[in-house]
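Asker: Please work out how this folds:
(2 chains)
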Amino acid sequence: MHINGVEIVDTFAEAFPMTAARVIVTACNSEWARIGATAATGYASSVIGCDAEAGIERELATEETPDGRPGFALLFFAFSRDALQKALVNRIGQCLLTCATTAVYNGLPGDVGKSIRVGGNLRYFGDGWQISKQIAGKRYWRIPTMDGEFLCEDSFGTTKGVAGGNIIIAGTSQPEALVAAEAAVRGMRSIPGVLLPFPGGIVRSGSKVGSKYAALKASTNEAYCPTLRGVVKSALPDGANAVYEIVIDGLTLALVEGAMREGIVAACECPSVLQITAGNYGGKLGPYHIRLHSLFEGVQK
Amino acid sequence: MNIEICHDSPIPLEFQWLTPDRLVPLDEFEIAKLPVVFGNRKAELGEFAKIVKRDWNDTIWFDGHTAKVKGLGAGMKGGLVCVENGAGLHAGAQMTGGVLMIVGDAGDWLGAEMRGGEIKVRGNAGHNVGSAYRGSRHGMRGGSILVKGNTGDELGLLMRRGSIVVEGSIGAFAGASMIAGTVVAMKGFGPRAGAGMKRGTLIAGGPTEVASGFRHSCDYEPAYLDLLRREFCPILPRPRTVQCYRGDVLTGGRGELLVLESGSLLDRPRRQ
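Answerer: Prediction:
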């Protein structure tokens, strides 16, 4: 299969379920909301080494936020609800409670009975001076701080999301492959409910499971490293000198598939892209097998 | 269902739990047989009201001479009760759900000890809105009350949870001995508001006399008010800063009075 002359390999991306939450952070202005959002989603590229995968979903207009202030929607993914609650309490406690003028709200209705307590755990910082308020059926905590108060919703909804969707873009040179990857990221980020957790949405260090070193869970995927062509069994097409991967988490499988589709189409419009493929582990890692060719025909689980 | 009160007398008529959940399964004849209290004697509803039941949904319309009828909507658990010409004492008292709409004025003890649901009054309300009955430990414990006009004294006495919004003026001792919850007074509070309150929030949209047990804490911009404005009370003014008072210091000082209008009428912090 070819799109714009770019080969789309007949393979699949292997995705797996993860628990997801959406956090809305607001502040007195967009700048401080962005500072808080960036801090709260830092060091959250992969659950291989981080407590959660997180990122900014999109900036929100004042009409879209619960308190009418500028804000951002953030997405968080973790392996379980307990892990997600722990990550959110830590991250909101350390990065948003501490950030000037911020307030934090739940942005996902979530699955029934699957909510996690965030404000309900952070309230103890108020040392007895915290105030509970119930507005329109939701409980909020007002915690006194040195610039006024920190407002945080008590419970956050969670849902079973999908993580690990990916595409791998091979180009003739590093600059051209990066331009194509950036175009793909722009296309993917137009879809709400999708998170690209790596820096700029792009991974340069694609990994394989395991290592020659027993302590490592993952190590470099030498088959896609151009500098190792000739000494390892390479998966690179002829003429490829750089490869970038884009990893996609989404609130639903359809959103991940939609993002992959957008990304592939956008990347194929760039010159010097030779091939687009996807990473998998032989079907042993996750239950969702997203075939690249099927993205352009229909959805396949 | 329409219940028209035909009897106009200075002697009060008292309804005992004539709520949608009780009336929906009954036909007109059975409803007419329901007991009421007229003055100091027991009677049947049919003696005082004309009952028309056209459908079986959970909406009751009270019209006619409703202004002196006690207990309209009291104890309701769900559904909708509309009162066309004002309500007497205890309207919506101890209700746990549903919506009570009153066109005209409501008497004393509106929503007293209510636990849930919603009350909307287009006119004024009397004393003790959302309060505890004498001897009770807690007043309103949930739900919301909106009064378009003015209210009397002791609004929200011993209030434990829930919200009251009054668009007009409020009498003395609003939120007295309050335990939690929110009271919004769009035109400010009367004297001694929040006296003895332990926790809870009083929000004054107009000039307010700050009780002696309150201390000025700071002027700030709480995001909580933006949330309240958007979710619950869109008519709340949007000042640049809000004056925050803490009190009542005699009972721990964990309550708060937020004054949205610049300058309170009388700020009398007690000498330290």
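Asker: Sketch out the low-pLDDT regions of the chain for me.
Answerer: By default, I'm working from chain A. Filtered on pLDDT under 70, chain A yields the residue ranges A:298-301.
Asker: other chain: chain B
Answerer: Applying pLDDT under 70 to chain B flags residues B:261-272.
Asker: What segments of the stretch 1-150 of chain A are helices?
Answerer: Listed in chain order, the helices of the stretch 1-150 of chain A (DSSP state H, counting those that start in this stretch) span A:30-40, A:81-91, A:119-122.
Asker: now the first one against helix A:81-91, angle please.
Answerer: Here helix A:30-40 runs at 130 degrees with respect to helix A:81-91, directions being taken by axes from the mean of the first three to the mean of the last three C-alpha atoms, to 10 degrees.
Asker: Check what contacts helix A:30-40 and list those residues.
Answerer: If you take C-beta atoms under 8 Å, 6 or more residues apart in numbering or on different chains as the criterion, helix A:30-40 is touched by A:23, A:25-27, A:54, A:56, A:59, A:69-72, A:74, A:91-92, A:95-96, A:99-102. Where C-beta positions appear, they are placed from N, C-alpha and C, glycine not excepted.
Asker: hey, C-alpha coordinates of that helix in PDB?
Answerer: C-alpha atoms of helix A:30-40 as PDB (Å, rounded to 0.1, in the frame of the first residue of the first chain):
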ATOM      1  CA  SER A  30      -3.000  31.800  30.200                       C
ATOM      2  CA  GLU A  31       0.700  32.100  31.000                       C
ATOM      3  CA  TRP A  32       0.300  30.800  34.500                       C
ATOM      4  CA  ALA A  33      -2.100  28.100  33.400                       C
ATOM      5  CA  ARG A  34       0.500  27.000  30.900                       C
ATOM      6  CA  ILE A  35       3.200  27.100  33.500                       C
ATOM      7  CA  GLY A  36       1.100  24.900  35.800                       C
ATOM      8  CA  ALA A  37       0.100  22.500  33.000                       C
ATOM      9  CA  THR A  38       3.700  22.100  31.800                       C
ATOM     10  CA  ALA A  39       5.000  21.400  35.300                       C
ATOM     11  CA  ALA A  40       2.200  18.900  36.100                       C
END
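Asker: Please state the offset of that helix from the chain centre?
Answerer: 17 Å (C-alpha atoms, centre = their mean, to the nearest Å).
Asker: quick one: residue B:198 and residue B:255 touch, right?
Answerer: Yes - taking C-beta atoms under 8 Å as the definition, residue B:198 is a contact partner of residue B:255 at 6.3 Å.
Asker: what do these two both touch?
Answerer: Residues touching both residue B:198 and residue B:255 by C-beta under 8 Å, 6+ apart: B:178, B:248.
Asker: Of those two, which one has the most company?
Answerer: Neighbour tally, residue B:198 and residue B:255, criterion other C-beta atoms under 10 Å in any protein chain shown: the higher count belongs to residue B:255, 26 against 15.
Asker: can you pull the contacts of the more buried one?
Answerer: Counting by C-beta under 8 Å, 6+ apart, residue B:255 makes contact with B:175, B:178, B:194, B:197-202, B:246-248.
Asker: Take the helices of the stretch 1-150 of chain A and lay them out in CSV including mean neighbour count.
Answerer: Shown next, in CSV, are the helices of the stretch 1-150 of chain A (neighbours: other C-beta atoms under 10 Å in any protein chain shown):
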stretch, mean neighbour count
helix A:30-40, 20
helix A:81-91, 19
helix A:119-122, 22
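Asker: Please list which of the contacts of helix A:30-40 are also close to chain B.
Answerer: A:26, A:69, A:101 (C-beta under 8 Å from any C-beta of the partner chain).
Asker: which residue sits closest to the last one in space, ignoring its chain neighbours?
Answerer: It refers to residue A:101. In this structure, residue A:101 finds its nearest non-sequential neighbour in residue A:28, 4.0 Å apart by C-beta to C-beta, 6 or more residues apart in numbering or on different chains.
Asker: In three-state terms, label residue B:145 for me.
Answerer: strand (DSSP: H, G, I helix; E, B strand; the rest coil).
Asker: Count the residues that sit near it.
Answerer: 28.
Asker: Quick one, which of the contacts of helix A:30-40 are buried?
Answerer: A:23, A:25-27, A:54, A:56, A:69-72, A:74, A:91-92, A:95-96, A:99, A:101-102 (16 or more other C-beta atoms under 10 Å in any protein chain shown).
Asker: Noted, bye for now.
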